[in-house]
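>>> Okay, predicted coordinates and the sequence, questions at the end:
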Amino acid sequence: MPQIAIIVAVTIAIFIIQRRIIQIRMGCYRQRQDTQLPASILKRLPFRFDYTDGYFDSRFQGMPQDGYTAMVQSMLQHPNIKVQTDVTVTAEIARELMEKGHVFWSGPLDAWFNHDAGRLRWRTLDFIREAATADAQGCAVMNYADKSVPWTRITDHARLSPWEQHQQTLLVREIPREAKENDIPYYPLRMADDERLLTHYRERASALTGVTFIGRLGTYRYMDMDVTLRQAISIAKHFITTPAGERFLAWPDANA
């Protein structure tokens, strides 16, 4: 067989195999979400051709020694930091706070503008909580892609801190759906219409002073925790080194 024919045959075979894998991997998942999914989601779904059973490819992975609650409490223990809980911070309240100092807005980007050009679409989650005996499912997180199961994953919270010993655990099932007006937004959908609206809001946000948009909601992008923390640290370093009176840009890409 000529060399070019072999190359073509191999290319076709790879295409067929990859297409089948994507159909298996994404078909049911897309149906579960009850909507179209952006192509960018493929970048977040690892394909394994070995026995690596982890989800992430990061060289270093781990949990805070005493858990995330203790880590956040330690970060907030500072005389210049005042924490208020059970408070709904609206864009109107945030704009009033701009009179006292710079505001870092981690709420939904479109909410800052009162959705005056339209609403960006988000996905929310319904949670089902269940007490169970420890090690009820044998792993920290189990994902379910089949449409016959209403939830997409179950998290065993005792497994998230394996250095602790518990007789019982909390299992949390997550059921995704498109967010309505009064739902808590978790994940940006970022379809074509959303991208156009995002461009509109981003251009307006970039022209503002006294506020910086941060995080998954504030920038309308999917961000894992490590990326979110890296962005926050980078922006904080830039902010504290910016001379007083000098304009600090509102969109994080310009600062980070």
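In hand now; what should we look at?
>>> okay, CA-based contacts and neighbour counts for the rest of this
Will do.
>>> my guess is residue 244 is in a strand, correct?
No. Residue 244 is assigned coil when assessed by DSSP: H, G, I helix; E, B strand; the rest coil, not a strand.
>>> ok, it to residue 80 distance?
From residue 244 over to residue 80 the distance is 18 Å, taken as CA to CA, to the nearest Å.
>>> higher neighbour count, those two?
Taking other CA atoms under 10 Å, residue 244 and residue 80 do not tie; residue 244 has more neighbours (9 against 6).
>>> where does that one fall, phi/psi-wise?
Note on residue 244: its backbone torsions stand at phi -60, psi 140 [degrees, to the nearest 10].
>>> Pull up the gap between it and residue 64, please.
Distance of residue 244 to residue 64, given as CA to CA: 35 Å.
>>> In the stretch 101-250 of the chain, what residue spans correspond to strands?
Taking DSSP state E, counting those that start in this stretch as the criterion, the stretch 101-250 of the chain contains strands spanning 103-105, 122-133, 141-143, 153-156, 168-178, 187-188, 211-213.
>>> Give me whichever of these is most buried.
Stretch with highest mean neighbour count among those: strand 211-213 (a mean of 23; mean count of other CA atoms under 10 Å).
>>> Okay, now the sheet partners of it, with direction.
Under the criterion DSSP bridges, strand 211-213 sits next to strand 103-105 (parallel) in its sheet.
>>> pLDDT of the partner strand, averaged?
Strand 103-105 carries an average pLDDT of 95.
>>> Contacts made by that strand with the rest, please.
Residues from elsewhere that reach strand 103-105, judged by CA atoms under 8 Å, 6 or more residues apart in numbering: 94-95, 97, 210-214, 218.
>>> and if you look at stretch 189-199?
Contact with stretch 189-199 is made by 37-38, 117-118, 120-123, 220-221, as judged by CA under 8 Å, 6+ apart.
>>> Swap in 7 Å and give it another go.
For stretch 189-199, contacts defined as CA atoms under 7 Å, 6 or more residues apart in numbering pick out 38, 120-123.
>>> For burial, what's the neighbour tally of residue 245?
Around residue 245 there are 6 residues (other CA under 10 Å).
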